[in-house]
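**Q** Curious how this folds, go ahead:
(2 chains)
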Amino acid sequence: MSSRARTLIGFGIVAILLAFVPNLVEALDAPTFYLTFLFSIFFWASQSSSWNILTGYSGYFSFGQGAWFGIGVYTTGVLAGKEGWSFLATLPVAGLVAGAFGLFIGFVVFRVRRLSGEIFALTTLAVAFVLASVARISSFIDGGIGIFMTGTELPEFLGDSRTAIYRLILLIALLTVLSSYLIYESRVGWGLFSIRDDEQVANGLGVPTFRYKMIALGTNAFFAGLMGAVWSLRIGFITVEEVFNLRIPLFVILMSILGGMRHWMGPVVGAVIIFTLTDRLNSAGLQDFNQVLIGGLLILLVLSVREGIYLRMRKRWLASAVIFFGSMIVLTLFELTTSLVWTFSFALLLTMPMLILPDSLWAKLIRRSPSEDTPEDPSEIEVAAT
Amino acid sequence: MTLLQCSGISKRFGGIRALDGVALGLEEGEILGLVGPNGSGKSTLINVLSGFYPANEGAVVFDGTDVLAINPNQIAGLGIARTFQIPRPFSTMTVRENVAVSYMFGRREHGLDEARHAAGEWISFTGLGDAMDADVSELTLHQLKLLELARALATEPTLLLLDEVLAGLNPTEIEESIGMIRRIHERGISLVIVEHVLRVVTSLSDRIVVLDQGHVIASGEPDEVMSDPAVVAAYLGGRKPDA
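**A** Reported below is the predicted structural model:
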């Protein structure tokens, strides 16, 4: 079986398992915050994966994630919250509006002005600021008073409101990560990687650079907006300050860099780690230390794991699996934590030190352990010789 | 049949005329040597022909298509490939991936899996078989130059522009590379060779064009061109006899 078929089957299994988590939570009468915890991870995994399709694959560093996300939030906010559309009908519209706007910006920066490097990054940041002002001024969009989403109803077949949000976010996250994977394993993906490495050479070898950058930017904006549309329900009361802040762009950058921008799984892993840690710090009442700890961790990880946590984990998969699942089992058996989420967080944290070890040190550790069972002892060899 | 026809090409950088009304033609199957002192415009001409620099004036017709009106990626699609004097590999990819990308795009479109297999053929042809799955950071300069060749060949060109593929190589490597260029030519690919080592160009080329300060000062068979007084003067730094 090809590796592609294996990945897609694995993807399907994970999708089905995650889709039935709400039923499991209900059957076990477990606390519903498990669902909130999981769909928040899906949200961030989707946001950072979509960002990575543009920035990780093509190398064009974008601060525009908040802009695409915000367009999605406000499209659904206006249509469902103010104009009375059915919520589900606004979702594709929000994705398409964000995607179309992304393509418009892409046309301007890639064709009219040919921006790259820091100028590109700053331009994408400016787009979010401009959009925030427009939303604040325009009374059709927001007008500075915000939009209540509380009256918005979800269709019954999706279950109660928390389950419905969970399933919608899961679906969009799966679609985002699937797209990210399919692009990674395609001509478009390799075209983008070559643009990242040397755009001029790529162009000269026949890579249609403009078209591929547009595909990457359009896909990024589409999924960011689509997820924003669903997230508008989670926000409940939409305000410009809540939507167009720097939280989204900075977190997706952090998550992708930490997880690894060179692989489609990197942003997913980064989202799981960073969201879990920030969420647990908040719930432990340490939100004041949150940024210090996360900042410190990021510096440590970025300096010691250049290729990203995901690729490091794959190289040391056995040790990672043993430490992670070992910690999970021990923490559960001895009932050391109050919930599964805490167990998971501690297991993640305990796996980190092994992953941070530099390659040279790791190689030494690995070489030492198997040599203990083989007769490398000099006295034994001498005995054998005589 | 004429494969490439350039006329009146001018390229200015600020006040400097790097190319000034250059005209030349290339027959199908020909090896054309492009020589001239430093700064004579050889590399600029390669950059114009491959679409890297837009020309200020002139026309370049390749196989019936106006090259100056289209993008570099469309020029690659017509069948023109080039190498770089200072190798510019895709640094995060292995040797195989570098060549596979170029085969995937290039003159015809190919799928990812097909490209991974086909890349091996070009890598073996250029003698990089042992470094197939190496990272490019592990390669020597000679190997990087061979990778430039493999990558250009994988686009399946009908015209290959070689920009100083021999610069920086030792005598053994130069001999190997000359053999390689002959084998490339035997595959039916027309060549434009920019080279400093005159001995090599004169022995390889069917015809030679000499550039000096952006002008074509001589063109013809290697022997007659290299004995042309204007060419000798340009190389020895003297004034041009007629100027």
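**Q** When you work out contacts or count neighbours from here on, use the C-alpha atoms and nothing else.
**A** OK.
**Q** chain center to whichever strand or helix holds residue A:48, what's the gap?
**A** According to DSSP states H and E, residue A:48 maps onto helix A:33-58. Its chain's C-alpha centre and that of helix A:33-58 lie 3 Å apart, by C-alpha atoms, centre = their mean, to the nearest Å.
**Q** measure residue A:75 to residue A:89 for me?
**A** 11 Å (C-alpha to C-alpha, to the nearest Å).
**Q** Common neighbours of those two, please.
**A** Shared contacts of residue A:75 and residue A:89 (C-alpha atoms under 8 Å, 6 or more residues apart in numbering or on different chains): none.
**Q** Compare these two and say which is more crowded by neighbours.
**A** residue A:75 (25 against 12; other C-alpha atoms under 10 Å in any protein chain shown).
**Q** What's the local residue count around the closest residue to residue B:188 other than its chain neighbours?
**A** In this structure, residue B:188 finds its nearest non-sequential neighbour in residue B:29, 6.1 Å apart by C-alpha to C-alpha, 6 or more residues apart in numbering or on different chains. By other C-alpha under 10 Å, 19 other residues sit near residue B:29.
**Q** And what about residue B:29, helix, strand or coil?
**A** coil (DSSP: H, G, I helix; E, B strand; the rest coil).
**Q** In contact with it: list those residues for me.
**A** Counting by C-alpha under 8 Å, 6+ apart, residue B:29 has contacts B:185, B:188, B:189, B:190, B:191.
**Q** Which members of the residues you listed are classed as buried?
**A** By neighbour count, with 16 or more other C-alpha atoms under 10 Å in any protein chain shown, the contacts of residue B:29 hold B:185, B:189, B:190, B:191 as buried.
**Q** and chain A, which of those residues reach it?
**A** Subset of the buried ones among the contacts of residue B:29 in contact with chain A: empty, counting by C-alpha under 8 Å from any C-alpha of the partner chain.
**Q** Output those residues in TSV; the columns should cover secondary structure.
**A** Shown next, in TSV, are the buried ones among the contacts of residue B:29 (three-state DSSP):
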residue	secondary structure
B:185	helix
B:189	coil
B:190	strand
B:191	strand
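**Q** what's the helix holding residue A:48 packed up against?
**A** Under the contact criterion of 3 or more C-alpha pairs under 8 Å, 6 or more residues apart in numbering or on different chains; DSSP states H and E, helix A:33-58 touches helix A:21-27, helix A:161-184, helix A:187-204, helix A:209-235, helix A:247-259, helix A:266-283.
**Q** Quick check: which of those helices is nearest to chain B?
**A** helix A:187-204 (4.9 Å; C-alpha to the nearest C-alpha).
**Q** Give me the angle between that closest one and helix A:161-184.
**A** 40 degrees (axes from the mean of the first three to the mean of the last three C-alpha atoms, to 10 degrees).
**Q** I'd like the mean pLDDT over helix A:187-204, please.
**A** Averaging pLDDT along helix A:187-204 yields 95.
**Q** what residues are up against residue A:100?
**A** A:218, A:222.
**Q** Please apply the same query to the one 4 residues further on.
**A** The contact partners of residue A:104, by C-alpha under 8 Å, 6+ apart, come to none.
**Q** ok, now residue A:216?
**A** A:53, A:54, A:58.
**Q** same question, residue A:177
**A** A:45, A:46, A:49, A:50, A:264, A:268.
**Q** how many neighbours does the first one have?
**A** Counted by other C-alpha under 10 Å, the residues lying close to residue A:45 total 28.
**Q** now it: how far from residue B:111?
**A** To residue B:111, residue A:45 is 29 Å away according to C-alpha to C-alpha.
**Q** For whichever strand or helix holds residue A:130, the averaged confidence score.
**A** Element membership of residue A:130 [criterion: DSSP H and E] is helix A:117-137. Computed over helix A:117-137, the mean pLDDT rounds to 91.
**Q** Show me where chain B dips below the pLDDT cut-off.
**A** Scanning chain B for pLDDT under 70 picks out the ranges B:236-243.
**Q** give me the residue from it nearest chain A.
**A** For chain B, C-alpha to the nearest C-alpha, closest residue to chain A: residue B:73, 3.7 Å.
**Q** pretty sure that residue is in contact with residue A:205, am I right?
**A** Yes: under the criterion of C-alpha atoms under 8 Å, residue B:73 makes contact with residue A:205 at 6.1 Å.
**Q** When these two are compared, which one has more neighbours?
**A** residue A:205 (32 against 24).
**Q** any residues in contact with both of residue B:73 and residue A:205?
**A** Listed contacts common to residue B:73 and residue A:205 are residue B:106; contacts here mean C-alpha under 8 Å, 6+ apart.
**Q** got a winner among the contacts of residue A:216 for most neighbours?
**A** residue A:53 (32 neighbours).
**Q** surely that one meets residue A:220?
**A** Yes: between residue A:53 and residue A:220 there is a contact under C-alpha under 8 Å: 6.3 Å.
**Q** Could you pull out the buried residues of the helix holding residue A:130?
**A** A:120, A:121, A:123, A:124, A:125, A:127, A:128, A:129, A:131, A:132, A:135, A:136.
**Q** which one of those residues sits closest to residue B:6?
**A** residue A:120 (36.5 Å; C-alpha to C-alpha).
**Q** Please name the spatially closest residue to the closest residue to chain B within the stretch 251-386 of chain A (chain neighbours excluded).
**A** The stretch 251-386 of chain A approaches chain B most closely through residue A:262 (9.1 Å), counting by C-alpha to the nearest C-alpha. Among residues not flanking residue A:262 along the chain, residue A:56 sits closest, at 6.2 Å (C-alpha to C-alpha, 6+ apart).
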